[in-house]
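1. sequence and predicted model, in that order:
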Amino acid sequence: MMNENEKILKLVISLMENDTLSDFLTEYDYSVNLFGLKISDSRHYFLRLSKPQNDVVLWMQEEYIPKLDINGNWIEYPTIENPRVERLEPSVKYIPSDLTYEEFKKNLFQFFDQLKGYKANHLKNIDSTKLDNDIDALIQEIQAIS
C-alpha cells in the first residue's frame, strides 16, 4: 500500500502526462501551483507544473512567502537576486512529509477555483467563459485520475 507522499507523487506524474493539463498549459501559458517548501521565515521553494516547450515539467523556484502587513495589505518584497530556479525529476523527496493526499487534492482544486475567481485578470486576451469551461474540464479530469 502506498503512503501519502507516494500517492501525491503518483498524481503529480499523472498530471505531467495528462493531455488535458498539457493543452491547458499550452493554451494559457500558465503554471499550476502545487505546494511550497519553507526554507526560512520569509522564503520558500514553490513547486509548479508548466509547459515551457513540448513537455509538462516540474520545477522549483525560490520566492518570498506572501504575507500581510499590520494594515492587511500584501507586503511588496524586493526581487530576490539570483533566486534558485530548478527543473526537477518527480520524487517524494520534494513532497512535504506532513502533506496528506486529500489535502494536496483539496489545495489543487482550490488553486483552480481561485483562478476562476480572478476571471483571468492576469492573462491577456482571454475569453473568461472559455477559461471557466477549460478549468471545469481540468478539474473533472483530475478527479477522474485521482
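-> Thanks, I have it. Numbers count the residues shown, from 1 in each chain.
2. now do the most centrally placed residue in the chain against Pro83, distance only.
-> In the chain, the centroid-proximal residue (C-alpha atoms, centre = their mean) is Asn33; its distance is 1.2 Å. To Pro83, Asn33 is 16 Å away according to C-beta to C-beta, to the nearest Å. Any C-beta I mention is one placed from the backbone N, CA and C, and that applies to glycine too.
3. for Gln114, same thing?
-> On the measure of C-beta to C-beta, Gln114 and Pro83 end up 23 Å apart.
4. that older thread, quick one: secondary structure of the residue nearest to the centre of the chain?
-> Put simply, Asn33 is strand when judged by DSSP: H, G, I helix; E, B strand; the rest coil.
5. which other residues reach stretch 56-67?
-> 12, 15-18, 21-22, 25, 34, 36-39, 41-51, 74-75, 77, 80, 83-90, 94 (C-beta atoms under 8 Å, 6 or more residues apart in numbering).
6. can you rerun that using 6 Å?
-> Contacts to stretch 56-67, defined as C-beta atoms under 6 Å, 6 or more residues apart in numbering, come from residues 16, 22, 42-49, 75, 77, 83-88, 90.
7. kindly report the same for stretch 92-107.
-> Glu4, Asn5, Lys7, Ile8, Leu9, Ser146.
8. which residues does Asp134 contact?
-> Counted by C-beta under 6 Å, 6+ apart, Asp134 has contacts Phe24.
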